[in-house]
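[1] Give the three-dimensional model of this entry:
(one chain, ligands or ions: 1)
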Amino acid sequence: MPFRISFRLVTLLLAPAILFASSPQGLRDSAQSAGVLVGAAVRPSLFSEAAYSETLAREFNMVEPEDAMKWWKVRLSQGTYDFGDGDEIVRFAQAHGMKIRGHCLVWDHHNPEWLAQGHFNPAQLSHLLQEHIATVMKHYAGQVFAWDVVNEALDEHGHLRDSLWYNQPGIGLSDKGTAYIGQAFRWAHEADPQALLFYNEAEGEGLNRKSDAIYAMVKDFKARGVPIDGVGLQMHVAQLDLDTAAIAANIARLTALGVQVHITEFDVSLPVDSSGQPRHDDLLRQAEVYRGVVHACLQSPGCAAIQTWGFTDKWSWIGSHSHGTRGAALPFDRAYKPKPAYDAMFEEMSAKANRPH
Ligand code: 9MR
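    Predicted structure coming up:
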C-alpha cells in the first residue's frame, strides 16, 4: 500500500510535465498532431509587415494565394505571364516549411478585360484555357501540391452558371453539362500529374441543392475516370446558427466517393460598428461556429485541410465587400491577438490529437 500511494503521487506530480511536453504549442503544432493541414490565404504585399509574416509562419503550415495565381494577376495581357507575386508566396512557404495550395485556373469572375471582352470563339477559348492551365501548372509543378482547377461553376439551384468557359460562348462543350469542367481537370492532370485537383465551391457546404449537384458531379467524374481528387468547401459563413451536422454529413458523403475535402476559404463575418468592432457576445458565438466546422472536418479522415481566407481582421476581403458593415471574421484580431475563434480551433485540434486513433 505505501508503494502504491507513492507511485500515484509520483504520477500525479509528473502528469503536468508529461502533458506539457506533449501538448501542442499553437495552431500549427496542434494541426500537425491532429493530422490535418491548417492554412491561410495570403497577400504577398503584406510579407514585409513583421507581425503578418511572423504570425503566418508560426501558426500555419499551408498557404494559398488570395489572388496572386488568378488570371487577372498572372495574365495582364494575352501574350505574357507574370509569376512574380506567386513566386514570392512560394519562396515564403518554402522558407517556412509550408505547403502551397493553388487557386484558381477556371473561373468566370474577375478575368482580365482582354479575355472577358475579347470575343474569342470556342476553338480559341479552348486553346487559351488549355495553354493557361499547362503553363501555370508546369511553372509551379513540384511546389503547388493541390490546385483549385475550377471555381464556383454552379448557381444556388445546383445548375451550371452561364459563363465564358461553359456557354458564353464556351470552350466547345456548351449544352454538354459538366463536360467543360471535366475537360479542365483532364488538361490539369496532363500538365502536372502529381498535383491534387480540386473543384472549389461556395455555399455548398451543408446539405442543399448545390451540394447535391457537386456530389452528383464528383460521383459521375469518379465513375468515368475524370481525374478529380478533391472538393474545396469555401465556408464563407455569415450566420451564427450554422448547421454543422449537415456539413459533417456532406463531408462524409463526399469522402465516401474517394475524394478529399479541404475547407478552403473559412471565415465567419460579424456585424461591426463604425470603428470595425464586433459585439463581445458575437465573438463568443463566432468561436462556436469555428469549433463546429473544425470538429466536422476532423470527424472525417478524408477532410485533410482547414484554411481561413486571410487570418487577421486587419486584412480581410469582408470589409470592402460589405462596405464596412461587417468584418471581424478571422481567428486573429486587427492587432494579431488570437480571438476566441482561434482558441476554439486550437482546442478542437488538440482534442483530436489527444484522442486515440
Ligand atoms: O478575397 C479575394 C479578393 O481579394 C479578390 O478581389 C476577389 C476577386 O479576385 O476574390 C476574392 O476571393 C474570392 C475567391 O477567389 C473565390 N471565392 C470567393 C472569395 C471572396 O470573394
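[2] Model confidence score at the closest residue to the ligand within the stretch 101-250 of the chain, please.
    Here the stretch 101-250 of the chain gets closest to the ligand at one residue, His110, 3.9 Å apart by CB to the nearest ligand atom. Using the backbone N, CA and C atoms, a C-beta is placed for each residue, glycine as well. His110 carries a pLDDT value of 96.
[3] And for Ser126?
    98.
[4] please renumber so the chain begins at 38
    Happy to do that; since the first residue is 38 now, the last one works out to Ser163.
[5] which element is it on?
    Using DSSP states H and E, Ser163 falls within helix 159-176.
[6] Please spell out which residues along that helix are buried.
    Under the neighbour-count criterion of 16 or more other CB atoms under 10 Å, helix 159-176 has Pro159, Leu162, Ser163, Leu165, Leu166, Gln167, His169, Ile170, Val173, Met174, His176 buried.
[7] and which of those residues is nearest to Pro315?
    Val173 (37.6 Å; CB to CB).
[8] where does this structure have low pLDDT?
    Judged by pLDDT under 70, the chain has its weakly predicted residues at 38-59, 393-394.
[9] please redo it, this time with the cut-off set to 50
    The chain contains residues with pLDDT under 50 at 38-58.
[10] residues in it within reach of the ligand, list them.
    Within reach of the ligand by CB under 6 Å from any ligand atom, the chain has these residues: Glu103, Asp104, Lys107, His147, Asn188, Ala239, Gln271, Glu302, Trp354.
[11] Is Ile288 in contact with Met272, as I believe?
    No - when contacts are counted by CB atoms under 8 Å, Ile288 is not listed as touching Met272 (11.0 Å).
[12] burial of the residue of the stretch 288-394 of the chain found nearest the ligand, as a residue count?
    At 3.5 Å from the ligand, Trp354 is the closest residue in the stretch 288-394 of the chain, using CB to the nearest ligand atom. The number of residues packed near Trp354 is 17, by other CB atoms under 10 Å.
[13] Go ahead and confirm it touches His147.
    No - counting by CB under 8 Å, His147 is not a contact partner of Trp354; they are 11.9 Å apart.
[14] between the buried residues of helix 159-176, which is nearest Ala341?
    Using CB to CB, the buried residues of helix 159-176 come closest to Ala341 at Met174, 20.2 Å.
[15] and the gap between that closest one and Ala87?
    Separation of Met174 from Ala87 (CB to CB, to the nearest Å): 33 Å.
[16] before we move on, what about Ala78?
    Applying CB to CB to Ala78 and Ala87 gives a distance of 20 Å.
[17] Pro149 too?
    33 Å.
[18] Those two - which one has more neighbours?
    Shown here are Pro149 and Ala87; by other CB under 10 Å, Pro149 has more neighbours (17 against 9).
[19] Would you map the strands across the protein?
    Ranges of strands within the chain are 74-79, 99-102, 136-143, 181-188, 233-238, 267-270, 273-274, 297-305, 307-308, 340-345, 363-364, based on DSSP state E.
[20] so which of these gets nearest Tyr118?
    strand 136-143 (13.0 Å).
[21] Using CSV, list the CA coordinates for that closest one.
    The C-alpha trace of strand 136-143 is given here as CSV (Å, rounded to 0.1, in the frame of the first residue of the first chain):
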residue,chain,number,x,y,z
LYS,A,136,2.6,23.6,-48.3
ILE,A,137,1.1,25.6,-51.1
ARG,A,138,-2.5,25.3,-52.5
GLY,A,139,-3.0,26.9,-55.9
HIS,A,140,-6.1,29.0,-56.7
CYS,A,141,-7.6,29.0,-59.3
LEU,A,142,-7.4,28.1,-63.0
VAL,A,143,-11.0,28.3,-64.3
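[22] For that strand, which strands pair with it and how are they oriented?
    For strand 136-143, the paired strands and their directions (DSSP bridges) read strand 99-102 (parallel), strand 181-188 (parallel).
[23] what's the nearest residue to Trp346 once chain neighbours are set aside in contact with, if anything?
    Spatially, and ignoring its direct neighbours in sequence, Trp346 is nearest to Glu302 (4.2 Å; CB to CB, 6 or more residues apart in numbering). Counting by CB atoms under 8 Å, 6 or more residues apart in numbering, Glu302 touches Ala78, Ala239, Gly269, Gln271, Met272, His273, Gln344, Thr345, Trp346.
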